[in-house]
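K.L.:
What shape does this take:
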Amino acid sequence: MKTNKRIAVVRFEGTARNYDFFNPFPELEIGDSVLCDTAIGMSVGKIRGFKSNSPQATKFIVQPVNLQEFQANKKKMQDRERLMTQIKSRINQMDELERIQYLSLHDAQLNVLYNSYKKLSDELGC
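P.N.:
Next comes the predicted model:
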């Protein structure tokens, strides 16, 4: 027997109560995350079941939410930001070395210091 999915029973994190919402998405299943239009604004909850009718349902599910995809994209964004931080740091290091190299060509004392630094760096494998 096919389940009537006209009303979805939804529970929000941090609550012990179920809420009924009109469901315009017949493909939804128990356990799916959904964005709902609630009395306090938009909230994400999980479907706990279905009903064919409910006088408590006055608002709609806005859309299904793929939390796994969201978490994966969030991690990608964090990785992207981390890489940009590393890129900027490396550019700053290279700019500083380039500036030192240029200045060492025009200052004998800086040239001696830079060559000593370079020799130690080469010996250390840095």
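K.L.:
Please count neighbours and contacts with C-alpha atoms only from this point.
P.N.:
Noted.
K.L.:
what about the longest helix in the protein?
P.N.:
Ranked by residue count under DSSP state H, the longest helix found in the chain is helix 67-104.
K.L.:
and it, what does it pack onto?
P.N.:
Contacts defined by 3 or more Cα pairs under 8 Å, 6 or more residues apart in numbering; DSSP states H and E place helix 67-104 against helix 108-124.
K.L.:
list the buried ones in the helix it packs on?
P.N.:
By 16 or more other Cα atoms under 10 Å, the buried positions in helix 108-124 come out as 111, 114.
K.L.:
Which elements pack onto that helix?
P.N.:
helix 67-104.
K.L.:
centre of the chain versus the helix it packs on, how much separation?
P.N.:
What separates the centre of helix 67-104 from the centre of its chain is 18 Å, taken as Cα atoms, centre = their mean, to the nearest Å.
K.L.:
buried stuff in stretch 92-105?
P.N.:
S104.
K.L.:
in this structure, which segments are predicted with low confidence?
P.N.:
By pLDDT under 70, the weakly predicted segments of the chain are 1-3.
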